[in-house]
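# What shape does this take:
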Amino acid sequence: MATKHQEMLTLEGAKIAIAASEKKAREIGVDMNIAIVDASTHLLHFSRMPNAKITSISIAMDKAFTAAGHRVGTHTYKEAVWPGGPAFGLGNTNGGRFTTFGGGLPITNSKGEVIGGIGASTGTPAQDQQVVQAGVDALEAVLSGKVKAKL
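So this is what the prediction gives:
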C-alpha cells in the first residue's frame with residue numbers, strides 16, 4: 001500500500017481533553033501546564049493555568065511529545081531508565097525532550113492508533129498523571145459516543 005489514511009486529532013478534540021484536565025487539576029488543587037500534540041508530535045493546543053510553574057511549560061510539551069512519538073505513557077519508563085537499566089540514557093535522546101517520568105499519555109482512536117499525546121506538569125508525577133488521564137478519559141468518552149460533543 002502506497003498510502004494510509006490516518007485519523008487526526010482536531011483542535012476541538014484537544015480542547016475537550018484540556019478542559020477535562022484543567023477540571024481535574026482544580027479538583028486536586030494544583031494548577032498545571034497542559035499540552036496536546038498531534039500524531040506527528042507537533043503542538044496542537046496548550047493551557048497554562050494561573051499558578052502553574054513557568055519552568056514546567058516545556059516539560060508538559062515534552063511529555064506530550066514523548067507519549068505521542070513513542071506511543072506509550074511516559075510513566076512506563078520509570079524502572080528502565082535507572083543506571084544499569086535497559087533504557088538508561090533514553091532521556092538524553094531527541095535533543096533531551098524524551099521524558100521518562102509520569103504525566104504524559106498517548107491519545108488513541110477506537111482502532112488503537114495514536115492520534116496525539118497529552119502532557120501535564122507542575123505537580124508530582126502522580127498528580128500530573130491524574131490530570132492527563134482525565135483528559136484522555138474525556139476524549140475517549142466523546143470518541144466512543146458515550147458523551148456527545150462536536151469534534
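
# from here on, contacts and neighbour counts on C-alpha atoms
OK.

# Please determine how far Ala14 is located from Phe46.
In this view, Ala14 and Phe46 are 9 Å apart by C-alpha to C-alpha, to the nearest Å.

# now swap in Ile118 and tell me
Ile118 is 10 Å from Phe46, by C-alpha to C-alpha.

# So these two - more neighbours on which side?
Neighbour count, other C-alpha atoms under 10 Å: between Ile118 and Phe46, Ile118 has more, with 39 against 20.

# That one belongs to a strand?
Yes. Counting by DSSP: H, G, I helix; E, B strand; the rest coil, Ile118 is found in a strand.

# Look up which helix or strand the residue lying closest to Leu9 once chain neighbours are set aside falls in, please.
Nearest residue to Leu9, sequence neighbours excluded (C-alpha to C-alpha, 6 or more residues apart in numbering): Ile115, at 5.6 Å. Using DSSP states H and E, Ile115 maps to strand 114-121.

# Which residues does that strand contact?
The contact list for strand 114-121 (C-alpha atoms under 8 Å, 6 or more residues apart in numbering) reads 7-9, 32-41, 56-57, 59-68, 71, 103-109, 128-129, 131-132, 135-136.

# mind checking how far the helix or strand just after that strand is from the chain centre?
As assigned by DSSP H and E, the chain's next helix or strand after strand 114-121 is helix 125-143. Computed by C-alpha atoms, centre = their mean, to the nearest Å, the chain-centroid distance of helix 125-143 equals 8 Å.

# Please list the outside residues in contact with helix 125-143.
Residues from elsewhere that reach helix 125-143 (C-alpha under 8 Å, 6+ apart): 13, 16-22, 24-25, 28, 32, 34, 101-105, 107, 109-110, 118-122, 147-149.

# Among the residues you listed, which are located in strands?
Ile34, Gly104, Leu105, Ile107, Ile118, Gly119, Ala120, Ser121 (DSSP state E).

# No more questions from me, cheers.
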